[in-house]
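Peer 1: kindly return the folded structure for what I paste below:
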Amino acid sequence: MKLRSLLLGLAASSFLFAGDPLPSWKDRPAKKAIVEFVGKVTTPGSPDFVPAPERIAAFDNDGTLWCEQPLPVQLYFALDRVKALAPQHPEWKTREPFASLLKGDLQIVLAGGERALLELMMATHTGMTAEEFERVVTDWIAAAKHPKTDRLFTEMVYQPMLELLAYLRANGFKNFIVSGGGIEFMRPWTEQVYGIPPEQVVGSSVKTKFEARDGKPAIVRLPELNFNDDKDGKPVGINQHIGRRPIAAFGNSTGDQQMLEYTQAGGGARFMLLVLHDDAAREFAYGPARGLPNVRLGAFPPALEEHARKDGWTVVSMKNDWKTVFPAEPTVTAIDILLEPDDVMLRRSAANNERLLGVYPKGFALDAAHRPHITMIQRFVRTADLDQVYAAAGQVLAQANVTGMKLAAFRYYYAPVGDTGVAGIVAKPTPELIRLQEDLIAATAPYTVESGSWSAFITTPDDPNNEALIGYVSAFVRKYSGEHFNPHVSTGVAPREYLDKMLAEPFEPFTFSPAGAAVYQLGQFGTAAKKLQRLDLKHGDAARDRLVQ
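Peer 2: Numbering: from 1, shown residues only. Below is the predicted model:
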């Protein structure tokens with residue numbers, strides 16, 4: 001999150017010195033109005049000058065900063081939560097709105113209006129601690145994708161609005177999100193995506209209480225609405241959470257009207273803006289202003305446009321005012337920085353792989369595309385930064401006595417994948433190995449991205465899109481490092497029933513050492529599918545051999 005905020009800050013500075021603060025905005029009245037307003041309120045001596053502490057900007061989220069169609073993102077989250085929790089609630093099979101959701105019928109849910117949506121949120125967002133909910137949201141948002149574009153929801157943000165946030169921030173504004181969405185749904189990721197920290201997020205909330213759980217103090221989320229931060233609730237939320245009236249407000253629907261009215265009612269220079277979604281080719285077209293299709297959530301009716309015209313608010317046409325809508329999709333590679341084991345481990349791995357293939361021929365063989373290895377870290381990195389990744393990892397390895405490590409293999413294990421499992425041989429983590437992992441994580445952090453798509457992996461046309469693997473790589477550093485590090489060599493795939501029996505068998509322990517190190521691109525099942533770079537354990541900098549990719 002800190003890295004993303006730093007990048008946003010650098011981006012803002014580049015806008016200032018490049019001469020065009022909003023490069024994705026066309027040179028039309030909307031862009032001119034923004035620049036003129038910022039100039040007026042930030043120029044000392046101007047009659048409209050506003051001191052920096054009073055430069056508050058309030059942004060709606062859904063439909064203003066990121067895509068909200070065909071459903072708001074938090075509703076997709078709730079739908080996935082219903083599916084995940086359904087085995088614990090057999091009554092949902094016959095109870096609405098859950099029954100329709102489980103059948104894939106979203107229209108009945110939407111037809112139920114706010115009451116149905118509230119019931120859905122209470123059932124899927126409560127009954128846990130605030131920390132537990134944050135983890136659920138963090139894991140989900142790292143891998144969840146838009147159903148139409150197959151891009152991560154966090155990539156379905158509007159590039160022109162990211163530039164606007166950075167431009168305002170660089171000019172002394174403090175940006176707040178003021179959304180009807182859940183405050184604790186947004187807080188885990190807004191800093192990473194928008195550069196807006198959790199304390200600058202205002203949203204709807206459920207009631208909570210303080211209690212001890214497992215002997216530790218916790219905030220528990222209760223199935224009762226505390227505050228609805230929508231429509232006339234937005235000014236109330238601003239007053240309660242911010243304590244200053246914004247001088248600029250940005251929205252896209254009737255749910256934002258009162259926030260813009262409240263902003264305009266203050267003294268001095270004020271700026272109000274609405275985004276009109278009229279670009280069916282690049283996003284979605286909906287109104288029903290200007291004859292556009294109507295929607296149940298996020299509507300922009302003709303009356304709102306007339307109100308904006310009368311009060312001098314800026315209306316942005318997504319089709320006519322924005323050069324681009326979404327950020328360019330970065331090219332990302334899923335990598336595994338790994339240690340290559342010596343012959344002792346290779347022989348034991350090969351024997352176990354042969355055994356597993358005998359019971360499950362559809363698994364993988366240990367070959368050039370599935371090399372035995374000990375994963376140190378798995379991450380998504382920007383493809384353009386791979387050279388920097390190689391250099392950073394090489395410098396760390398050059399300072400460690402990797403080949404001198406003695407590792408003790410002591411049992412089999414497997415990671416379940418549906419009815420099968422990816423099996424392997426586990427080694428005991430040593431302090432030296434954990435420290436090496438920590439150093440590799442820190443060295444490669446500047447080149448990583450939160451998540452990626454299936455295109456980041458080495459695949460064949462027959463490989464199914466393994467969403468579980470994408471989620472695993474996204475969460476690797478957070479979930480499988482440090483005290484949770486599980487060094488192992490994957491040896492094959494087999495049915496879980498067979499693997500359970502294998503784990504119950506006696507295991508003959510043995511000692512082995514790392515013999516090499518490399519960066520691989522990951523393939524199906526998380527295997528080391530393609531060697532990208534060998535890392536020299538003696539000279540970790542200029543002595544690395546570049547392999548043909």
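Peer 1: tell me how far R270 lies from A33.
Peer 2: Using C-beta to C-beta, to the nearest Å, one gets 12 Å for the distance from R270 to A33. To be clear about C-beta, it is placed using only N, CA and C from the backbone, and glycine gets the same treatment.
Peer 1: more crowded one of those two?
Peer 2: Neighbour count, other C-beta atoms under 10 Å: between R270 and A33, R270 has more, with 21 against 16.
Peer 1: tell me if I'm right that the more buried one and I247 touch.
Peer 2: Yes. A contact is recorded between R270 and I247 when judged using C-beta atoms under 8 Å, the distance being 5.8 Å.
Peer 1: between the two, what contacts are shared?
Peer 2: Counting by C-beta atoms under 8 Å, 6 or more residues apart in numbering, the contacts common to R270 and I247 are T263.
Peer 1: so where's the protein shaky on pLDDT?
Peer 2: Judged against pLDDT under 70, the low-scoring parts of the chain cover residues 1-19, 369, 460-465, 538-549.
Peer 1: burial measure for P87, as a count.
Peer 2: Here the number of neighbours of P87 (other C-beta under 10 Å) works out to 8.
Peer 1: then R151?
Peer 2: For R151, the count of nearby residues is 15 (other C-beta under 10 Å).
Peer 1: with W454 instead?
Peer 2: Around W454 there are 17 other residues, counting by other C-beta under 10 Å.
Peer 1: what distance do you get for it to F364?
Peer 2: The spacing between W454 and F364, counted by C-beta to C-beta, is 17 Å.
Peer 1: same question, F326
Peer 2: Look at F326 and F364: by C-beta to C-beta, they are 36 Å apart.
Peer 1: export stretch 157-165 to CSV, keeping only CA atoms.
Peer 2: Once side chains and other backbone atoms are set aside, the C-alpha atoms of stretch 157-165 remain, and they are given as CSV (Å, rounded to 0.1, in the frame of the first residue of the first chain):
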residue,chain,number,x,y,z
VAL,A,157,-10.9,2.3,-12.1
TYR,A,158,-11.2,5.4,-14.3
GLN,A,159,-7.8,6.6,-15.4
PRO,A,160,-9.0,10.3,-15.7
MET,A,161,-10.3,10.2,-12.1
LEU,A,162,-7.0,8.7,-10.9
GLU,A,163,-5.3,11.7,-12.6
LEU,A,164,-7.7,14.1,-10.9
LEU,A,165,-7.1,12.6,-7.5
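Peer 1: centre of the chain to that stretch, how far?
Peer 2: 17 Å (C-alpha atoms, centre = their mean, to the nearest Å).
Peer 1: could I get the buried residue list for that stretch?
Peer 2: The neighbour-count check on stretch 157-165 (16 or more other C-beta atoms under 10 Å) flags V157, Y158, Q159, P160, M161, L162, E163, L164, L165 as buried.
Peer 1: now distance to Q107 and secondary structure too, for these, in TSV please.
Peer 2: Supplementary listing: the buried residues of stretch 157-165 in TSV, determined by distance: C-beta to C-beta, whole Å; DSSP: H, G, I helix; E, B strand; the rest coil:
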residue	distance to Q107	secondary structure
V157	27	strand
Y158	27	coil
Q159	31	helix
P160	32	helix
M161	30	helix
L162	33	helix
E163	36	helix
L164	34	helix
L165	34	helix
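Peer 1: from those, pick the one nearest L356.
Peer 2: Proximity to L356 was ranked across those by C-beta to C-beta; first place goes to V157, at 43.3 Å.
Peer 1: so how far is E155 from the closest residue to the closest one other than its chain neighbours?
Peer 2: Taking C-beta to C-beta, 6 or more residues apart in numbering, and ignoring the residues beside it in sequence, V157 has W66 as its nearest neighbour in space, at 4.4 Å. Distance, W66 to E155, by C-beta to C-beta: 9 Å.
Peer 1: same check, this time on H146
Peer 2: From H146 across to E155, the span is 8 Å (C-beta to C-beta).
Peer 1: before we move on, what about D230?
Peer 2: 26 Å.
Peer 1: cool, E184 as well?
Peer 2: Using C-beta to C-beta, one gets 22 Å for the distance from E184 to E155.
Peer 1: next one: H125
Peer 2: In terms of C-beta to C-beta, H125 sits 24 Å off from E155.
Peer 1: please apply the same query to A515.
Peer 2: Going from A515 to E155 by C-beta to C-beta gives 39 Å.
Peer 1: report how many residues lie close to A350.
Peer 2: For A350, the count of nearby residues is 14 (other C-beta under 10 Å).
Peer 1: what sits against it?
Peer 2: Listed by C-beta under 8 Å, 6+ apart, the contact set of A350 reads L366, P372.
Peer 1: which phi and psi does it have?
Peer 2: According to degrees, to the nearest 10, the main-chain angles of A350 amount to phi -60, psi -40.
Peer 1: kindly report the same for P330.
Peer 2: Per-residue torsions, P330: phi -70, psi 150 (degrees, to the nearest 10).
Peer 1: identify the residue nearest H89 in space, chain neighbours excluded?
Peer 2: The spatial neighbour of H89 that comes closest, neighbours along the chain excluded (C-beta to C-beta, 6+ apart), is F98 at 7.3 Å.
Peer 1: so the one you found makes contact with T124?
Peer 2: No. Counting by C-beta under 8 Å, F98 sits too far from T124 to count as a contact (9.5 Å).
Peer 1: what touches both of the two?
Peer 2: With contacts defined as C-beta under 8 Å, 6+ apart, the residues shared by F98 and T124 are V82.
Peer 1: now N171: how far from P51?
Peer 2: Going from N171 to P51 by C-beta to C-beta gives 13 Å.
Peer 1: swap in D439?
Peer 2: If you go by C-beta to C-beta, the gap between D439 and P51 works out to 45 Å.
Peer 1: over to G266?
Peer 2: When C-beta to C-beta is applied, the distance between G266 and P51 equals 14 Å.
Peer 1: compare these two (neighbour count), which wins?
Peer 2: G266 (14 against 10).
Peer 1: look up the closest residue to F476, ignoring the ones flanking it.
Peer 2: Closest residue in space to F476, ignoring its immediate chain neighbours: Q378 at 4.4 Å, by C-beta to C-beta, 6+ apart.
Peer 1: the one you found should be in a strand, yeah?
Peer 2: Yes. Going by DSSP: H, G, I helix; E, B strand; the rest coil, the assignment for Q378 places it inside a strand.
Peer 1: my guess is it contacts Q437, does it?
Peer 2: No. In this structure, Q378 is not within contact of Q437 by C-beta under 8 Å, at 11.2 Å.
Peer 1: pick out the residue closest to the middle of the chain.
Peer 2: The structure's the chain has its C-alpha centroid closest to A142; by C-alpha atoms, centre = their mean the separation is 3.4 Å.
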